[in-house]
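Peer 1: Have a look at this fold, sequence not included:
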């Protein structure tokens, strides 16, 4: 069985409070990015002046794709972090369709990249020794179990994604 943790990361703390402070501090970014996606969707579908109608179309599309496990990045505002305690830090996996959002997560204080896979060559810049350590660490922390059964997960978005804004709210943003 192959291990594929492309969006793996490490948080340099063993404090649940500091971990939660990092997550809470990042949540507004995800919400704002999701709102931008909905706004673009409304403009592209010609429903910006009827945001509730457009949002219902958005939700129908999500129900037909994202909610069934089908990839649809244009309406997928999900961003979930699953954490695993590991001695003096937390390891984690980000689940998102948006690499840019994950890269932004990696710029948060205490957070650094900690990916690993055994189905292809290791990336440039990571030594064989470090790659082997990562393999041992991920095998110990996650093992052969689904990640959700070995850690705890936090969703950073609203259930179902953002809500349409009222006209007055859109005008204030401009």
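Peer 2: Alright, I've got the coordinates. None of these values were measured; they are calculated from a predicted model.

Peer 1: buried stuff in the helix ranked longest in the chain?
Peer 2: Longest helix in the chain, counting residues (DSSP state H): helix 16-44. For helix 16-44, a neighbour-count test (16 or more other Cβ atoms under 10 Å) marks 19, 22-23, 26, 29-31, 33-35, 37-39, 41-42 as buried. For glycine as for every other residue, the C-beta is placed from the backbone atoms N, C-alpha and C.

Peer 1: now, which of those sits nearest residue 83?
Peer 2: Minimum distance to residue 83 across the buried residues of helix 16-44 is 6.7 Å, recorded for residue 19 (Cβ to Cβ).

Peer 1: quick one, what contacts the closest one?
Peer 2: 11, 13, 83, 90 (Cβ atoms under 8 Å, 6 or more residues apart in numbering).

Peer 1: Quick one: which of those is the most crowded by neighbours?
Peer 2: Counting neighbours by other Cβ atoms under 10 Å, residue 90 comes out on top of the contacts of residue 19 with 26 neighbours.

Peer 1: thinking again about what came up before, would you reformat the contacts of residue 19 as JSON lines and include pLDDT, distance to residue 64 and secondary structure?
Peer 2: Below are these laid out as JSON lines (pLDDT from 0 to 100; distance: Cβ to Cβ, whole Å; DSSP: H, G, I helix; E, B strand; the rest coil):
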{"residue": "11", "pLDDT": "98", "distance to residue 64": "35", "secondary structure": "strand"}
{"residue": "13", "pLDDT": "97", "distance to residue 64": "40", "secondary structure": "coil"}
{"residue": "83", "pLDDT": "97", "distance to residue 64": "31", "secondary structure": "strand"}
{"residue": "90", "pLDDT": "97", "distance to residue 64": "35", "secondary structure": "strand"}
